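[1] just coords:
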């Protein structure tokens with residue numbers, strides 16, 4: 001059963017004391033995670049556009065209410081990630097050229113060339129991927145070494161991705177339940193997410209000073225865990241999405257989100 005979608009407006013402290021290498025002091029771990037953070041603000045605006053395009057075709061009042069909650073939550077995720085970008089400015093990290101390139105490629109070129117149904121299918125697949133990352137964030141130690149402000153922000157985002165993980169999928173099933181379309185959406189989602197994340201990682205990692213690169217980096221263990229042992233679980237979740245009978249609520253993860261959100265102090 002779908003859980004209620006609650007719109008929250010938390011604030012997290014990314015002020016002057018927020019460190020450059022917030023992932024346990026690791027340049028590598030920070031750049032890996034930050035490379036993915038870059039895709040979120042514009043990506044969430046894309047999710048909203050893709051679902052909203054079909055809003056007039058949604059006849060079920062429960063799903064319509066969940067779409068409204070989904071849109072409001074994604075708007076808050078965008079706000080928090082943009083606030084975190086200010087910390088990069090304070091540390092003198094150049095990221096704007098990469099973000100501009102990414103937005104032009106993804107939403108200036110790829111999006112206009114893609115049919116609305118495929119954009120919705122890609123959104124449904126990306127929501128599955130982000131919910132999978134959410135499960136990792138809330139059920140493993142991946143963020144245990146992160147700065148408390150960023151760990152809290154990412155876990156809040158993770159919990160809400162789990163909370164609304166079925167919305168775009170249910171809209172897709174109502175307006176176009178084609179299995180081939182769903183598979184095509186995952187192909188687009190998987191390829192673009194990891195391509196843009198990797199380019200963002202490389203853009204940041206090239207800016208790490210040589211002295212920092214020469215020092216022992218605890219993030220090497222984080223990278224092996226994230227792309228290795230945890231990566232296999234991630235690939236299994238992609239395979240699950242390709243089952244003809246799949247539904248996002250097959251994943252029994254609501255308890256992870258609920259436990260974290262209960263502990264989150266209201267803004």
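    Everything's here; your move. It should be emphasised that the depicted structure is a prediction, and the values quoted were computed from it without experimental measurement.

[2] which helix in the protein runs the most residues?
    Ranked by residue count under DSSP state H, the longest helix found in the chain is helix 61-90.

[3] and that one, how far out from the chain middle?
    On the basis of CA atoms, centre = their mean, to the nearest Å, helix 61-90 sits 11 Å off its chain's mean C-alpha point.

[4] which SS state does residue 9 fall under?
    Counting by DSSP: H, G, I helix; E, B strand; the rest coil, the backbone at residue 9 sits in coil.

[5] where's it relative to residue 61, distance?
    From residue 9 across to residue 61, the span is 25 Å (CB to CB, to the nearest Å). Using the backbone N, CA and C atoms, a C-beta is placed for each residue, glycine as well.

[6] out of those two, which sits in the busier spot?
    Taking neighbours as other CB atoms under 10 Å, residue 9 and residue 61 compare with residue 9 leading, 11 against 8.

[7] show me what the one helix or strand residue 255 maps to is packed against.
    According to DSSP states H and E, residue 255 maps onto helix 254-263. Under the contact definition 3 or more CB pairs under 8 Å, 6 or more residues apart in numbering; DSSP states H and E, helix 254-263 sits against helix 116-139, helix 148-163.

[8] what angle do the next helix-or-strand element following the shortest one and helix 61-90 make?
    Which is helix 148-163. Counting by DSSP H and E, the element after helix 148-163 in chain order, helix or strand, is helix 167-175. Here the directions of helix 167-175 and helix 61-90 differ by 140 degrees (axes from the mean of the first three to the mean of the last three CA atoms, to 10 degrees).

[9] follow-up on the earlier one: centre of the chain to the helix holding residue 255, how far?
    Using CA atoms, centre = their mean, the offset of helix 254-263 from its chain centre is 18 Å.

[10] and residue 234, what element?
    In this structure, residue 234 is located in helix 230-241 according to DSSP H and E.

[11] quick check, residue 150 in contact with residue 13.
    No - using CB atoms under 8 Å, residue 150 and residue 13 do not qualify as a contacting pair, with a distance of 9.7 Å.

[12] more neighbours: which of these two?
    In terms of neighbours (other CB under 10 Å), residue 150 is the more surrounded of residue 150 and residue 13; the figures are 23 against 15.

[13] quick one, what contacts that one?
    Contacts for residue 150 (CB atoms under 8 Å, 6 or more residues apart in numbering) come out as 12, 14, 18, 22-23, 84, 143.

[14] got a winner among the residues you listed for most neighbours?
    The most crowded member of these, judged by other CB under 10 Å, is residue 23 (24 neighbours).
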